[in-house]
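A.B. asks: let me see the structure of the following:
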Amino acid sequence: MDFFKTQETLIKLLPLWQNKIARPFKQLLDEGITSEMFNCMQFLVWFEDGIAMSELAKALQLPKQQATKLVNRLVENGFAERRSEQGDRRVIKVVLTDKAKEYIEKVTSCNIESYKKSFKNMDIREMEEFQAAIETLFRILSKDI
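C.D. replies: Residues are numbered from 1 along each chain as shown. Okay, here's the model as predicted:
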């Protein structure tokens, strides 16, 4: 395997990804809302009953301190709440608010429209290749390497 070529390609890819994917997405977010906060909210959607801070930090692959700061900002903005577990009041779970769910829906629909504009010059075959490529990247990078 040619690690130099892999590194070179990744370095070339980063500015393209930043300009075509990351920056347009960040522009959709309200002031004060970071992409990390949005990602955390999207993750919390999967846990209707909430998730413990330690589990959330592990799932987001963040140190617990950093995850706590992230959740603090979500709580301050009305996007999340902390709730005590009924059986064990020592366990605090983070739960998404309805405001957050509405916000995610709004940003997601705007983001889809943004992607449609960004990729309007791709034909169906290229779109399928792109989809397969990002799914492969996700699968590989999700592994414990």
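
A.B. asks: tell me which stretches of this protein form strands.
C.D. replies: Remark: strands assigned in the chain by DSSP state E are 51-52, 80-84, 92-96.

A.B. asks: what are the pairing partners of the last one, and which direction each?
C.D. replies: Based on DSSP bridges, the strands next to strand 92-96 in the sheet, each with its direction, are strand 51-52 (antiparallel), strand 80-84 (antiparallel).

A.B. asks: out of these, nearest to residue 23?
C.D. replies: Nearest to residue 23 among the strands paired with strand 92-96 is strand 80-84 (25.7 Å), distances taken as CB to CB. Where C-beta positions appear, they are placed from N, C-alpha and C, glycine not excepted.

A.B. asks: identify all contacting residues around that closest one.
C.D. replies: 41, 44, 50, 71, 74-75, 91-97, 100 (CB atoms under 8 Å, 6 or more residues apart in numbering).

A.B. asks: still on that earlier bit, which one of the strands paired with strand 92-96 lies nearest to residue 60?
C.D. replies: strand 51-52 (10.1 Å).

A.B. asks: list the contacts of the closest one.
C.D. replies: For strand 51-52, using CB under 8 Å, 6+ apart, the contacting residues are 44, 59, 91, 92, 93, 94.

A.B. asks: ok, 7 Å please
C.D. replies: 44, 91, 93, 94 (CB atoms under 7 Å, 6 or more residues apart in numbering).

A.B. asks: what's the answer for stretch 7-21, then?
C.D. replies: With CB under 7 Å, 6+ apart, stretch 7-21 has contacts from residue 118.

A.B. asks: can you read off the pLDDT for the residue most central in space within the chain?
C.D. replies: Residue closest to the mean C-alpha point of the chain, counted by CA atoms, centre = their mean, is residue 39 at 2.6 Å. Listed pLDDT for residue 39 reads 93.

A.B. asks: what does residue 81 give?
C.D. replies: Reported pLDDT for residue 81: 96.
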